[in-house]
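**Student:** Need coordinates for the below:
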Amino acid sequence: METFIASFNSCLHYFVELCTTIMELFGVTILVFTAIKSFIGWVKKDATVRLNLAQGIALALEFKLGGEVLRTVIVREWEELGILGAIILLRGVLTFLIHWEIKNEKKEIEGNKT
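**Tutor:** Predicted structure coming up:
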């Protein structure tokens with residue numbers, strides 16, 4: 001029975017690591033795609049480039065945040081949990097600020113249309 005539990009724990013650890021890596025890869029991919037798309041929009045002088053960039057950054061941060069939350073499943077030490085908590089807090093604050101920026105940018109775009 002102990003062998004089964006140890007094997008299951010090991011499989012869970014590798015599965016969570018794989019899922020965390022995939023989620024972080026999604027976040028990086030979204031960020032790079034958004035940056036390229038925003039640069040093209042900036043060259044074309046698109047009025048919504050800032051809004052699109054902020055939305056892409058927010059989405060990428062949410063994937064990265066999801067990866068960090070998933071990583072808490074396999075944390076073994078309190079020190080590691082503290083560092084992980086600080087990263088989650090920082091990314092959460094950044095996401096909140098970016099969503100605030102998105103809301104203000106939408107208001108500004110709507111104000112320019114009228």
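**Student:** Touching, residue 58 and residue 96? I think so.
**Tutor:** No: using CB atoms under 8 Å, residue 58 is not in contact with residue 96, being 9.5 Å away. (Glycine included, C-beta is placed from N, CA and C.)
**Student:** out of these two, which sits in the more crowded spot?
**Tutor:** Taking neighbours as other CB atoms under 10 Å, residue 58 and residue 96 compare with residue 58 leading, 19 against 12.
**Student:** Let's verify that one: helix, strand, or coil?
**Tutor:** helix (DSSP: H, G, I helix; E, B strand; the rest coil).
**Student:** And the pLDDT at it?
**Tutor:** Note for residue 58: predicted pLDDT of 92.
**Student:** what residues are up against it?
**Tutor:** Residue 58 sits next to 95, 98, 99, 102 when contact means CB atoms under 8 Å, 6 or more residues apart in numbering.
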